[in-house]
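In: quick one, structure for this:
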Amino acid sequence: LCYTGALMANFDSIGSKDHPSKYYDENNPMYPCNILDERYSRQCYTYGVLVLHQYEVENAISICDRVPEKHRLGCFATFGRDRIMITSDPAVIKDQCSKIKSREMQKECFKGAAHNLVIRFGSKSGLATQLCSLLEGDIREACFSKVRSALENVEN
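Out: Numbers count the residues shown, from 1 in each chain. Below you'll find the model as predicted:
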């Protein structure tokens, strides 16, 4: 958690006049993740690289596509969780996650979005189940499974 917080603070401080980030390169969204020791890289690629790009759907997808393969699922799960910061409309979320080319990465996006819909709006909103109902096949099943696990966390 400490690494994650430090990395998020680094990315959040980009453009700050009071405490600007020293570890940012606007031409390389993977920086500083690509120079860090491996023990920090998962958190960096999962929570850091999208901070500035969560409102730019195509750009965020492009960034996640360039993340090293072993960390890519985490990046797309974060992309899905970030959708909830933009909208709670299941149809819009479906459209945005569906822009991802890889079905496996789409699944992570939908799971991340469904999880955050439950966490942010509660078990009674129905938004997460509405999202999952729009999906098909294994992605639908994975989405509903994520909703069930999120509900267990909210209810406990």
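
In: drop to CA atoms for contacts and neighbour counts, all remaining ones
Out: Fine.

In: export the helix or strand hosting residue 58 as CSV, just CAs?
Out: Using DSSP states H and E, residue 58 falls within helix 57-66. Output of helix 57-66 as CSV, limited to C-alpha atoms (Å, rounded to 0.1, in the frame of the first residue of the first chain):
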residue,chain,number,x,y,z
VAL,A,57,-10.7,6.5,-23.4
GLU,A,58,-8.8,5.6,-26.5
ASN,A,59,-5.5,7.0,-25.1
ALA,A,60,-6.0,5.1,-21.8
ILE,A,61,-6.6,1.8,-23.8
SER,A,62,-3.5,2.5,-25.9
ILE,A,63,-1.4,3.0,-22.7
CYS,A,64,-2.7,-0.2,-21.2
ASP,A,65,-2.0,-2.1,-24.4
ARG,A,66,1.7,-1.0,-24.1
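
In: buried set for that helix?
Out: Residues 57, 60-61, 63-65 are the ones in helix 57-66 that count as buried (16 or more other CA atoms under 10 Å).

In: how far is the lowest-mean-pLDDT helix or strand in the chain from where the chain is centred?
Out: Using mean pLDDT, DSSP states H and E, the weakest-scoring helix or strand in the chain turns out to be helix 2-12, at a mean of 78. Averaging C-alpha positions (CA atoms, centre = their mean, to the nearest Å) puts helix 2-12 15 Å from its chain's average.

In: what comes up buried for the helix or strand following that helix?
Out: The first helix or strand that comes after helix 2-12 along the chain, using DSSP H and E, is helix 38-43. Neighbour-count burial for helix 38-43 flags 41-43 (criterion: 16+ other CA under 10 Å).
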